[in-house]
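Undergrad: prediction below, plus the sequence it came from.
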Amino acid sequence: MTEEQDHGRRTAAHGSRIDAYIDRYAARAAGMVASEVRALFAVASRPEVVSLAGGMPYVTALPLDTVGELVADLVARRGTVALQYGSGQGDPHLREQICEVMRLEGIEAGPDDVVVTVGSQQALDLITRIFIDPGDVILAEGPSYVGALGTFAAYQASVVHVPMDDLGLVPEALSEAITAAARAGRRIKFLYTVPSFQNPAGVTLTAERRRQVLEICRRADVLVVEDNPYGLLGFDGEPMRALRADDPEGVVYLGSFSKTLAPGFRVGWALAPHAVRDKLVLAMESAVLSHSSFSQLAVGQYLATQPWREQIKSFRELYRERRDAMLGALEALMPPGCTWTRPAGGFFVWMTLPEGLDSKAILPRAVAERVAFVPGTGFYADASGSRNMRLSYCYPEPDRIREGVRRLAGVIQQELVLRDTFGTGSVPAHGGVDTPGPDLA
Ligand code: PMP
């Protein structure tokens, strides 16, 4: 480096937003840019804005005093363990408890096959890290969870979307995508799916389709990554049988306590066939040495001493009431031509706008009217989804949800007037991929 360059870099780095290191990032960092919607979301977090954008669980409903006592007790009694490094695979007792949680979805597994991770987000990262070389194909539902797409992009995967309908991933489309990849000589490393109460579409793969999807993947030798953070948050009846329950060798299952307890503990896990589990533990150690012992023991203590099944039940009732508030308001207020999914669990409704409207273009106007949502394009790797938006009902109170939908319906109505007058609604600005950030994921 010349003296001049060095001087330039140092002055640029001091308090300036100029990126002095632009010429040396790894190729995989090229896609990591903030989108223009990010700035809007900063405004959307103001209290006067009803945010139907965030995917934040309603932790206010937790018995916070009890959790506080439990944490204090943990430090007093087991502080030397809780504040020490742990093992790369995770606390053995917690892994046993995780197996008990998974039994609710028909999974029979032993603690030896579980790896505790920093949320299921880290499990996604580790799985991608051990399987993906740049250009490898990942099949993923269209639309897909934005955080997974971010991870896949970071490892330079080539994401091929497989369409869904109201019954979840379409098996025929899956077969076609597998055949097309084989014809093109492309290697599919895995299918990424959120079969229950999908983020963002809110739909659930039926039992019949679960069988079909497993059969198709087994025949084509495609590994399935089943990401299931919402599986226990169904509004009707018993949880569905996980894909992993019927194919232990062909499925890597990812779970999380973020939605059934609290995301702040950052405790998730992967359940994987033996050899994959070994690689995951090594990848985990190279990423963070070990997960937080403190968080793991706190979650373990919570599961051991608190009525966690009851807590999940009360979360389900709370979210069901909010889902009803949202669906009722959409039915009553949305202009003709808008359609949306009817989730039987989880946090999200996926709306499709009438032809000629663009959800990203509408967002600034919506935020000006004090309501926010996430535009659909963020949930596709190929810029589809411009007529879609994700509406979440997990965080605002029911009255706020109704008010938010009322404001949004007004904005869409105005857009329709624009479209009918000028032939198009608002036109989107361009730039950046949609990476709305953790609180919106
Ligand atoms: N997968 C899906 C489908 C999600 O919706 C989320 C969070 N929004 C995650 C994974 C990551 O969750 P966590 O890391 O908190 O377990």
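TA: It's in.

Undergrad: for the residue in the chain that the ligand sits nearest to, give me the pLDDT.
TA: Residue of the chain nearest the ligand, by C-beta to the nearest ligand atom: residue 119 (2.3 Å). All C-beta atoms are positioned from the backbone trio N, CA, C, and that covers glycine. Here the pLDDT value assigned to residue 119 is 97.

Undergrad: got the contact list for it?
TA: Contacts for residue 119 were tallied using C-beta atoms under 8 Å, 6 or more residues apart in numbering; they are 256, 258, 263, 266-268.

Undergrad: what about the residue nearest to it when sequence neighbours are not counted, which SS state?
TA: Excluding the flanking residues, the one nearest residue 119 by C-beta to C-beta, 6 or more residues apart in numbering is residue 268, at 4.4 Å. Classification of residue 268 using DSSP: H, G, I helix; E, B strand; the rest coil returns strand.

Undergrad: wait, residue 268 sits on residue 257?
TA: Yes: counting by C-beta atoms under 8 Å, residue 268 does reach residue 257; the two are 6.8 Å apart.

Undergrad: for residue 226, see how far away residue 254 is.
TA: 7 Å (C-beta to C-beta, to the nearest Å).

Undergrad: please disregard the earlier target; I meant residue 237.
TA: Between residue 237 and residue 226 the distance is 20 Å, computed by C-beta to C-beta.

Undergrad: in terms of neighbours, single out the busier of those two.
TA: residue 226 (27 against 7; other C-beta atoms under 10 Å).

Undergrad: so that one makes contact with residue 198?
TA: No: counting by C-beta under 8 Å, residue 226 sits too far from residue 198 to count as a contact (11.6 Å).

Undergrad: close to the ligand: what parts of the chain are there?
TA: Within the chain, the positions near the ligand by C-beta under 6 Å from any ligand atom are 55, 119-121, 145, 147, 194, 199, 227, 229, 256, 258, 263, 268, 441.

Undergrad: the same query, at a cut-off of 5 Å, please.
TA: Proximity of the chain to the ligand (C-beta under 5 Å from any ligand atom) is limited to residues 55, 119-121, 145, 194, 199, 227, 229, 256, 258, 263, 268, 441.

Undergrad: just those residues: which are in helices?
TA: When the residues of the chain next to the ligand are checked against helices (DSSP state H), the matches are 119-121.

Undergrad: so which of these comes closest to residue 343?
TA: Nearest to residue 343 among those: residue 120, at 19.3 Å, using C-beta to C-beta.

Undergrad: ok, now how distant is the closest one from residue 245?
TA: Distance from residue 120 to residue 245, by C-beta to C-beta: 18 Å.

Undergrad: and for residue 298?
TA: 28 Å.

Undergrad: ok, the two, which is more surrounded?
TA: Each of residue 298 and residue 245 has its neighbours counted (other C-beta under 10 Å); residue 298 has more, 24 against 19.

Undergrad: specify the strand with the largest residue count in this structure.
TA: strand 158-165 (DSSP state E).

Undergrad: and it, what other elements does it pack with?
TA: strand 137-142, helix 146-154, helix 171-183 (3 or more C-beta pairs under 8 Å, 6 or more residues apart in numbering; DSSP states H and E).
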